[in-house]
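Chemist: Sequence first, then the predicted structure, then my questions.
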Amino acid sequence: MRTLKFVLSLAVTLLVIWQLSITHKVGDAPLPALGHFLNPFTGFWQNGEPATAWKGQQKQGKIPGLKGKVEILYDDILTPHIFAENNEDAIRAQGYVTASQRLWQMDITVRKAGGRLSEILGARTLEIDRKTRRRGMVYAAENSLIGLQKDPETFKLLQAYTDGVNAYIDQMSAADYPIEFKLLNYQPEHWTVLKTALVLETMADMLAGGDSDLSATNARAIFGRPAFDSLYPGQIPNQIPVIPDTGQWKDIHVQFPPFQPISADLSSQTGHLDVDDASLLSEGPEGYLRGSNNWAVDGTKSKSGRPILANDPHLNLTLPSIWFQIQIHTPAMNCYGVSLPGIPSIIIGFNDHIAWGVTNVSHDVADWFKITWLNPERTEYQVDGQKRSIKKVVEKIEVKGAPTVYDTVRYTSFGPIVYDFDPKSPLRDCAYKWVSHDIPKENLIEGFLQLNSGKNWQDYKSGISGFDCPAQNFVFASNTGDIALQVQGRFPLRMPEQGRFVLDGRVSLNAWNGYIQEEAVPSMKNPRRGYVFSANQVSTPSTYPYYYLGNFDAYRGRRADQILQNLQQATIDSFKNMQLDNYSTRAADALPAMLQLLDRKQLDASGLDMVDALSNWKYTFDADKRAPTYFDVWWDSTYVNVWDEIIMLQKAGKELKLPDGWRTVEMLQKDTLNRFFDHPGTPNKETARQIVTESFLAMQQFFRQNPTRMADWGQFHALDIKHIANLEGFGRMKIPINGHKTALNAVGISNGPSWRMIVSMEDKVHGLGVFPGGQSGNPGSRFYDNMVDTWVNGRYNELLLLQTTADSPERIISKLTLTTQ
Amino acid sequence: MRNLRYTFLIIAILGNLSLLGLPWWLVAVLGAGAAYIFPTKIVPGATVAFSAGFLLWFVLAYGLDSANMSLLSGKVGMLFKGLKPMHLLLLTGFIGGLLAELGYLTGHYAQKLFVGPAPKLVK
């Protein structure tokens, strides 16, 4: 009996300890390992940063391999200002301090990019990992790594960054692990240069990984060519391109072989791809075009007589924040700006001489090629009548709590066959070619470091010349008075319409035959008009000799140009007003047409009140106004009613893209009898008038059924800044805010200006900036989301470009000294 | 009574060694060790072990939470169906107490098995 009692109590004790050491599920919700997570020695309680932390602290740290002393001053928004005796030490310290604030964010970013989520999350993420790998993300990162190795000196800096991250990891105890590691019950692992390449690929995928080849192929087959051209015109009217034609291309004559690209016939293919309806619908039926704004004026337009530059990249807003502010000061550079955790150098910023910023170019740099197999095993395929063999790559995917999965991916000369595991996919036999799969021509980081230490326009030109993907509109200003803008990237040399549809892989000429030469890439310097700008609009006018396609914004650029044209004596405040401008050119285009078409006889008194409110509205999406709410619902309702045929086909499983908003506006203005206004299946033939009126009544009905949604714009359109893993409580949700995706202040439901920066290039360069989050990645720190309110309220922080460690002592709260041992 | 005091002190004081890197379930080992070396009657012994484990975990967590002004525990509570910081603290203390008590029971029965019955306490 005694033995039994002992064995029983021992067994229960061990069982309880074991159960407290592993994660569980409550319903569908995962429950962390309670013993690991709740114990006060190493569990989450240790992540609660004392409210008095940082203030007045003098810390010491060690990084093996430092050549000199490194001092890091933290200011009152927790920006680290790194003072080092050489660049290598500075970059090593950048890795260290970034890891100290954002280690889990770095880890999860590369796990997602590398198709390794299942290692920590189990079988539920297996299909995500599989698709990531099959799209060639790791293949792209490995090729990117080859590019990064091209310059040995810069590669040494990449290794230094890696060493800095790992020095921090090696010094951590289990109590120091970021809370997400504890929640998910796994440990940090060492950083590598390949992981830095994966972070670069994440950005490339987010900004330049999309295409419409299949949806365009389907639309052309279903609606016929004339209707396709009407629904999806290649050129957006009323556009002011990023780079106007000033005669700079007159000597470029593009010649192609006598050949027209042949599109593949996918008409017999059925099935559909997984479309992320949830993410699409969360930003309305049109979705949210991730874009950005940047502009610069020269001294003729500014009060100071010196250039001013602004940039705000629009991205999915998350906590921890996508950006990390930092200053790097060495004898060779003194630069402030935002970095991406995992990538050495500063991506957007300024120094004592120059400032620069980026917006997405939005060209389509990914194509699909239909492969004709020559054998049932699908190992041989035909190109130009010749037989070619595929290369098999076996992806090993480790899965937590389940056996390892081995997935064989076929690589053709075009790229990987992504969907061949899915017999229902219309792209089952198609190879995917993405510009980021190629080996970069130069080391991207070297380019950023050149920008960081740049002194003039030549340094800017030289720094950005190697930037391949994602292609960016690099805006520039210097304190010697220059402004410039360049559409920088690696752009496939395309025949007209090549890449618009799925291409026939039997013809080698359908593949990309080189890239647009550096000299022909659109760029401008010191234009007579006194300003440059980009807002994801089309890069060039139709006179540009090269064909390109993409997903371009139709409205923000027009607004930016309108303001910049009229701007005189510009100041930092003028630029703030521009970045926070809530005026929607689309609403200004659409609403008068909609009000004109609206049959008011069908409206009741409350409907007529709404019409009054809309008629008096000045097209600004201000949080405290009601009219934008009416317009937004009315517009969405109209949009859905106009394109109901396409939405029905989408629901039936056909991959199709909805036409652009600007095309819808154009039809409402000029083509009110277009056949797409007619509802299929009704005896009447509807026109724009019926659709607009019907949509207005639907809007009224929506508010009757959802009375709590009848609110001012800020409440109706509240912003969610979610935690990267969407952990409840770790995000900032339902924030009432100004802005709209079609305004310069392009705030969506979960997207928006991820970093607002304004730099005035005076003798002492003056920079302001803010992002909607905080420097810390720790939800237990007051620096986790302390800038959200500043950002929401349209305020900025003064950015400290320190010259010495003795500058601005009133704003320095802490100091970290790093030594080698 | 003295053994009960020792049991309490061993768990509550030596349990802090987990702060130096020893595993979080050390409290169960300490409960077992205390019961083995300083035998007591099962009910008061188990109660004292639970109380010591509870206090050890609760007080440490409470100190960290207070310094943090419950910023983090408020957020973590949302992950646990909206638990308040104090609920999380009590849950933490309970787990510490449970581990100490289970360890105590194991040590208690080990002592009975390998050494013999506990000496009768003289009042």
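Modeler: Okay, I see it.

Chemist: Isn't residue A:123 up against residue A:402?
Modeler: Yes - contact between residue A:123 and residue A:402 holds when scored by C-beta atoms under 8 Å: they sit 5.1 Å apart. Quick note: C-beta positions are derived from backbone N, CA and C, even for glycine.

Chemist: Can the helix or strand in which residue B:61 is found be said to contact chain A?
Modeler: In the assignment (DSSP states H and E), residue B:61 maps to helix B:42-67. Yes - using C-beta under 8 Å from any C-beta of the partner chain, helix B:42-67 reaches chain A at B:57, B:60, B:61, B:64, B:65, B:67.

Chemist: surely the fifth one meets residue B:85?
Modeler: Yes - with contact defined as C-beta under 8 Å, residue B:65 reaches residue B:85; the gap is 6.0 Å.

Chemist: which residues do the two both contact?
Modeler: Shared contacts of residue B:65 and residue B:85 (C-beta atoms under 8 Å, 6 or more residues apart in numbering or on different chains): residue B:73.

Chemist: Name the spans of the chain whose pLDDT lies under the cut-off.
Modeler: You didn't say which chain, so I picked chain A. Low-confidence segments of chain A (pLDDT under 70): A:257-260, A:265-284, A:287-290.

Chemist: look at chain B instead
Modeler: Using pLDDT under 70, chain B drops low at B:117-123.

Chemist: Up against chain A, what does it have?
Modeler: Residues of chain B lying near chain A by C-beta under 8 Å from any C-beta: B:18-19, B:21, B:24-25, B:28, B:32, B:57, B:60-61, B:64-65, B:67-69, B:71-79, B:88, B:91-92, B:95-96, B:98-99, B:102-103, B:105-106, B:108-110, B:112-113.

Chemist: For the residues of helix B:42-67 next to chain A, pick the one with the most neighbours.
Modeler: Among these, residue B:57 has the most neighbours (other C-beta atoms under 10 Å in any protein chain shown), with 31 neighbours.

Chemist: who's in contact with that residue?
Modeler: A:38, A:39, A:40, B:27, B:92, B:93, B:95, B:96, B:97.

Chemist: And stretch A:20-32, end to end?
Modeler: Its first and final residues considered, stretch A:20-32 spans 9 Å by C-alpha to C-alpha, to the nearest Å.

Chemist: Can you give me the buried ones in that stretch?
Modeler: A:20, A:23, A:30, A:32 (16 or more other C-beta atoms under 10 Å in any protein chain shown).

Chemist: And for the closest residue to the last one other than its chain neighbours, the neighbour number?
Modeler: Of all residues beyond its chain neighbours, the one nearest residue A:32 is residue A:183 (4.8 Å), with distances taken as C-beta to C-beta, 6 or more residues apart in numbering or on different chains. Summarising burial for residue A:183: neighbours were counted as other C-beta under 10 Å, giving 22.

Chemist: surely residue A:183 meets residue A:31?
Modeler: No - taking C-beta under 8 Å as the definition, residue A:183 is not a contact partner of residue A:31, at 9.7 Å.

Chemist: Tell me how far stretch A:769-779 lies from the chain's centre.
Modeler: Centre-to-centre, stretch A:769-779 and its host chain are 17 Å apart (C-alpha atoms, centre = their mean, to the nearest Å).

Chemist: To clarify, my last question referred to stretch A:588-607.
Modeler: Using C-alpha atoms, centre = their mean, the distance from the centre of stretch A:588-607 to the centre of the chain it belongs to is 36 Å.

Chemist: quick one: the most centrally placed residue in chain B from chain A, how far?
Modeler: Nearest residue to the geometric centre of chain B (C-alpha atoms, centre = their mean): residue B:53, 1.4 Å. Per C-beta to the nearest C-beta, to the nearest Å, residue B:53 is found 11 Å from chain A.

Chemist: who in the stretch 51-200 of chain A is up against chain B?
Modeler: So the stretch 51-200 of chain A meets chain B at A:51, A:52, A:173, A:174, A:175, A:179, A:183 (C-beta under 8 Å from any C-beta).

Chemist: count of residues packed around the second one?
Modeler: Spelled out, that is residue A:52. Neighbour tally, residue A:52, other C-beta under 10 Å: 10.

Chemist: Who are the contact partners of it?
Modeler: By C-beta under 8 Å, 6+ apart, the contact set of residue A:52 is residue B:67.

Chemist: One more: the first one?
Modeler: The neighbourhood of residue A:51, defined by C-beta under 8 Å, 6+ apart, consists of A:782, B:67, B:68, B:69, B:71.

Chemist: can you rerun that using 7 Å?
Modeler: Applying C-beta atoms under 7 Å, 6 or more residues apart in numbering or on different chains to residue A:51 gives the contacts A:782, B:67, B:68, B:69.

Chemist: Need the max-distance pair from the residues you listed.
Modeler: A:782 and B:67 (12.1 Å; C-beta to C-beta).

Chemist: Residue A:475 touches residue A:296, doesn't it?
Modeler: Yes - checked against C-beta atoms under 7 Å, the pair residue A:475 and residue A:296 is within contact range at 5.3 Å.

Chemist: What helix or strand is residue A:631 located in?
Modeler: helix A:627-642.

Chemist: List of residues touching that helix?
Modeler: Helix A:627-642 is contacted from outside by A:284-286, A:587, A:590-591, A:594, A:610, A:613-614, A:617, A:621, A:647, A:661, A:664, A:676-677, A:691-692, A:694-696, A:698-699, A:702, A:711-713, A:716, using C-beta under 7 Å, 6+ apart.

Chemist: Show me which positions of it end up buried.
Modeler: Residues A:627-642 are the ones in helix A:627-642 that count as buried (16+ other C-beta under 10 Å).

Chemist: Keeping just the C-alphas, turn stretch A:579-589 into CSV.
Modeler: The C-alpha coordinates for stretch A:579-589 follow below in CSV (Å, rounded to 0.1, in the frame of the first residue of the first chain):
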residue,chain,number,x,y,z
GLN,A,579,0.7,64.2,-45.0
LEU,A,580,-2.4,64.6,-42.8
ASP,A,581,-4.6,65.7,-45.7
ASN,A,582,-7.9,63.8,-45.7
TYR,A,583,-9.2,65.1,-49.0
SER,A,584,-10.2,62.3,-51.4
THR,A,585,-9.9,63.1,-55.0
ARG,A,586,-12.0,60.0,-55.7
ALA,A,587,-14.8,61.2,-53.6
ALA,A,588,-14.6,64.6,-55.4
ASP,A,589,-14.8,62.8,-58.7
